[in-house]
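J.: Quick check, what structure comes out for this input:
(one chain, ligands or ions: 2)
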Amino acid sequence: MTPTLAQDIRDAAALLASATDVTVLGHVRPDADALGSALALGRALHLRGAKVRVSFGEPDEAPESLRWLDEDGLLTHPDDLPDTEALLVCVDTPVPKRLGRLAGRVELAGSVLVIDHHATNTFYGGCNVVDETAEASAILVFRILDAMGVEPDEPIARGIYAGIVTDTSGFRRASPETHRMAARLLEAGVDAEAVVRRIVDERPFTWLPMLSSVLREAELEPEAAQGRGFVHAVVRVDAARTVRAEEVESVIDVVRSVREAAVAAVLKQDLANPAQWQISLRSIGIDVSAVAAEFGGGGHRQAAGCTIEGSAEDVVAGLREALERAPLL
Ligand code: 5GP
Ligand code: MN
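T.: Numbers count the residues shown, from 1 in each chain. Ligands and ions are numbered 1, 2, ... in the order given. Below you'll find the model as predicted:
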């Protein structure tokens, strides 16, 4: 750990230790790292006696598979947040825009603490614990809790574990140090099998017909992405409406398996605005965060996303073009 990061962690710990009222925000359409991190930190502060709310800009409800991480009922609808915050904590969120309708709160808050692992983070807080070498934001939350002298109980450890296990694709990209941290989480009582089953594996039956209709239309372009191959699939609203958001998000994990393509994309039609597509990008050997950035999005070099308007054909054409310019890794 660099001396600067160590100091930032100590500063964050001091800020949180003296806080009595805290709002913790994750990015829009929160994943297990955003919500697991926010709820783990939220519970730690709640147990110390602080008033804590955990929220995110959209959708209105947390993904069903993640709601059981909220042991203390900290999840708060955006409409029920106070007008301004004394201390606002933003986790897994590289830029305020990723807070969606809650972005304006960053300007208004008394203090802002940012906890994130995206290389594209703009350090928009007064205190920023940002480390792009951390595999998950949850790891940074764990380090801050350590600096506060908080030993995670099972629900706190569960939230942290959920973030790590999903952002490392089941520990495949986890360092030895991250495995050591995971060992402490298991010792705190986390049931790893249950976490992975409930958050990653378990699906309603309707997942199967949805996947089948979406994958049948998937296309492989072997010459695209600078000759490294591009595979893409489209989830239109009629397919998306048959399943939970979790199942729509799972499609990229199937499409990315295709060996003939270095880059995989899934176009997810927006339920509220069908002219708009949420794009998930995954890659091996090509920087897809640069591709996402061309469309106002971002993420990591091998996993990124953005929102694009237009027909599915135009969106694919735009991605195909951007992939020809993307830096090789
Ligand atoms: P996913 O495909 O799982 O939604 O996102 C992959 C990665 O890209 C995650 O790290 C996510 O936070 C990031 N990401 C997804 N969409 C956007 C976006 O519109 N803007 C930015 N800055 N990052 C995004
Ligand atoms: Mn993350």
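J.: going forward, measure contacts and count neighbours with C-alpha atoms only.
T.: Fine.
J.: Now do the contacts for the most centrally placed residue in the chain.
T.: Geometric centre of the chain, nearest residue: D31, 4.4 Å, by C-alpha atoms, centre = their mean. Going by C-alpha atoms under 8 Å, 6 or more residues apart in numbering, D31 touches no other residue.
J.: ok, it to L16 distance?
T.: Spatial separation of D31 from L16 under the definition C-alpha to C-alpha, to the nearest Å is 23 Å.
J.: where exactly do the helices run in the stretch 151-300 of the chain?
T.: 154-167, 176-187, 192-196, 207-216, 237-240, 245-255, 288-294 (DSSP state H, counting those that start in this stretch).
J.: winner for burial among these?
T.: Each of the helices of the stretch 151-300 of the chain was scored by mean neighbour count; the highest is helix 154-167, a mean of 26, by mean count of other C-alpha atoms under 10 Å.
J.: angle of that one against helix 176-187?
T.: Orientation note: helix 154-167 sits at an angle of 140 degrees relative to helix 176-187 (axes from the mean of the first three to the mean of the last three C-alpha atoms, to 10 degrees).
J.: for D21, phi and psi?
T.: With angles defined as degrees, to the nearest 10, D21 shows backbone torsions of phi -150, psi 120.
J.: and stretch 92-112, which residues are buried?
T.: Neighbour counts over stretch 92-112 (16 or more other C-alpha atoms under 10 Å) mark 92-96, 98-100, 102-103, 105-106, 109, 111-112 as buried.
J.: Could you export that stretch as CSV, CA atoms only?
T.: As requested, the backbone C-alpha atoms of stretch 92-112 are provided in CSV (Å, rounded to 0.1, in the frame of the first residue of the first chain):
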residue,chain,number,x,y,z
ASP,A,92,-17.9,2.2,-6.0
THR,A,93,-18.8,5.4,-7.9
PRO,A,94,-16.0,7.0,-10.0
VAL,A,95,-17.9,10.2,-10.9
PRO,A,96,-20.9,12.0,-9.4
LYS,A,97,-22.9,11.3,-12.6
ARG,A,98,-22.9,7.6,-11.7
LEU,A,99,-25.1,8.6,-8.7
GLY,A,100,-27.9,9.4,-11.2
ARG,A,101,-30.6,11.6,-9.6
LEU,A,102,-28.5,11.8,-6.4
ALA,A,103,-25.5,13.4,-8.1
GLY,A,104,-26.4,16.9,-6.9
ARG,A,105,-26.0,15.8,-3.3
VAL,A,106,-22.2,15.8,-3.7
GLU,A,107,-22.2,19.6,-4.0
LEU,A,108,-24.5,20.2,-1.1
ALA,A,109,-23.0,17.8,1.5
GLY,A,110,-21.0,19.1,4.4
SER,A,111,-18.2,16.6,3.8
VAL,A,112,-17.8,13.9,1.1
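J.: contacting residues around that stretch?
T.: The set of residues that contact stretch 92-112 without belonging to it, under C-alpha under 8 Å, 6+ apart, is 25-28, 33-34, 56-58, 78, 84-90, 114-127, 137.
J.: repeat for stretch 227-239
T.: Stretch 227-239 has contacts (C-alpha under 8 Å, 6+ apart) with 210, 213-215, 217-224, 248, 255-256, 258, 260-271, 274, 312, 316, 320.
J.: What residues sit buried inside it?
T.: Judged by neighbour count using 16+ other C-alpha under 10 Å, the buried positions of stretch 227-239 are R228, G229, F230, V231, H232, A233, V234, V235, R236, A239.
J.: Of all the helices of the stretch 151-300 of the chain, which one is nearest T133?
T.: Using C-alpha to C-alpha as the measure, helix 176-187 is the one of the helices of the stretch 151-300 of the chain that comes nearest T133, at 11.2 Å.
J.: What mean pLDDT does the closest one get?
T.: Per-residue confidence for helix 176-187 averages out to 98 on the pLDDT scale.
J.: packing partners for it?
T.: The contact analysis (3 or more C-alpha pairs under 8 Å, 6 or more residues apart in numbering; DSSP states H and E) places helix 176-187 against helix 154-167.
J.: For the helix it packs on, which helices and strands make contact with it?
T.: helix 32-47, helix 137-148, helix 176-187, helix 192-196.
J.: before we move on, back to that, how close does the residue nearest to the centre of the chain sit to V243?
T.: For D31 relative to V243 (C-alpha to C-alpha), the value is 17 Å.
J.: can you redo the helices of the stretch 151-300 of the chain as CSV with distance to ligand 1?
T.: Conversion of those to CSV gives the following (distance: least, C-alpha to the nearest ligand atom, whole Å):
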stretch, distance to ligand 1
helix 154-167, 8
helix 176-187, 18
helix 192-196, 17
helix 207-216, 17
helix 237-240, 15
helix 245-255, 7
helix 288-294, 7
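J.: thinking again about what came up before, from the contacts of stretch 92-112, which land in helices?
T.: Using DSSP state H, the members of these that fall within helices are D33, A34, S137.
J.: What subset of those is buried?
T.: Buried residues within the ones in helices among the contacts of stretch 92-112, counting neighbours by 16+ other C-alpha under 10 Å: D33, A34, S137.
J.: tell me the contacts of the last one?
T.: For S137, the residues meeting the contact criterion (C-alpha under 8 Å, 6+ apart) are D33, A34, S37, V91, D92, I115, D116, H117, G163, I164.
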